[in-house]
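> Structure of the sequence below:
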Amino acid sequence: MVTRPHIVLALALSTLFSSACSTSGTPVVGGSSPEQQESTAATDNLQISDISMPPGAKLDASNTLMIGSGDRWFGRVVIKTDTSTVQVFNHFKSGMPALGWRLVSMMQSKSSLLIFQRGERIAMVQIESLQLGGAVATVNVSLQEQGQPKPPGR
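Numbering: from 1, shown residues only. This is a model prediction of the structure:
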């Protein structure tokens, strides 16, 4: 017997897979082919209008997964830069509020973390140094859980 939760799960998975296979719109799904996994694409080709990208940042396509488009996407974007972790941290700290994101929390250490909120979405930016120089930033964007109280001032 098929129950309602099974139908909802099947519809969600169907939507996810059809979005991933679609060539229209702007969803980016990492790992589509071995060639894409080995190469990185310049962020100029990305259509991410609501995330501040450090200068010279390159997309790590094999570790990136985006669902949706415009300023309504969610998922994970992994970028690599030749700049230091401090420069990347400072870039996100000043660049994200310029795009309407409100800084909620931050921690700067060996593995730095910045948390932002914009409307019903939360962005967590984790920054770590690369072994041979430069930095990697992982930007996870998700929807705020329903029923959660909104922070004061919003």
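> which ones are touching residue 79?
Residues in contact with residue 79 (C-beta atoms under 8 Å, 6 or more residues apart in numbering) are 43, 53, 54, 57, 58, 59, 60, 136, 137, 139. (Glycine included, C-beta is placed from N, CA and C.)
> Same check on residue 105?
113, 114, 115.
> tell me which of those residues is nearest to residue 88?
Proximity of the contacts of residue 105 to residue 88 (C-beta to C-beta) peaks at residue 114, which lies at 10.0 Å.
> The closest one touches residue 101, doesn't it?
No - contact criterion C-beta atoms under 8 Å: residue 114 and residue 101 do not qualify, at 9.3 Å.
> In this structure, mark out all the helices, start to finish.
Using DSSP state H, the helices of the chain run over 4-21, 34-38, 85-98.
> least reliable of these going by mean pLDDT?
When mean pLDDT is averaged over each of those, helix 34-38 scores lowest at a mean of 40.
> where along the chain do the strands fall?
41-42, 58-59, 65-67, 74-81, 102-107, 111-118, 121-129, 135-143 (DSSP state E).
> Using CSV, please lay out these together with distance to residue 95 and mean pLDDT.
Below are those laid out as CSV (distance: least, C-beta to C-beta, whole Å; pLDDT from 0 to 100):
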stretch, distance to residue 95, mean pLDDT
strand 41-42, 18, 43
strand 58-59, 17, 93
strand 65-67, 19, 93
strand 74-81, 13, 96
strand 102-107, 11, 97
strand 111-118, 10, 97
strand 121-129, 10, 97
strand 135-143, 11, 96
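> so who does residue 112 touch?
If you count contacts by C-beta under 8 Å, 6+ apart, residue 112 has them with 85, 89, 106, 126, 127, 128.
> now, the most widely separated pair of the residues you listed?
106 and 128 (14.8 Å).
> wait, isn't residue 66 in contact with residue 75?
Yes - here residue 66 reaches residue 75: they are 4.2 Å apart, a contact under C-beta under 8 Å.
> When these two are compared, which one has more neighbours?
residue 66 (21 against 17; other C-beta atoms under 10 Å).
> Fine by me, thanks again.
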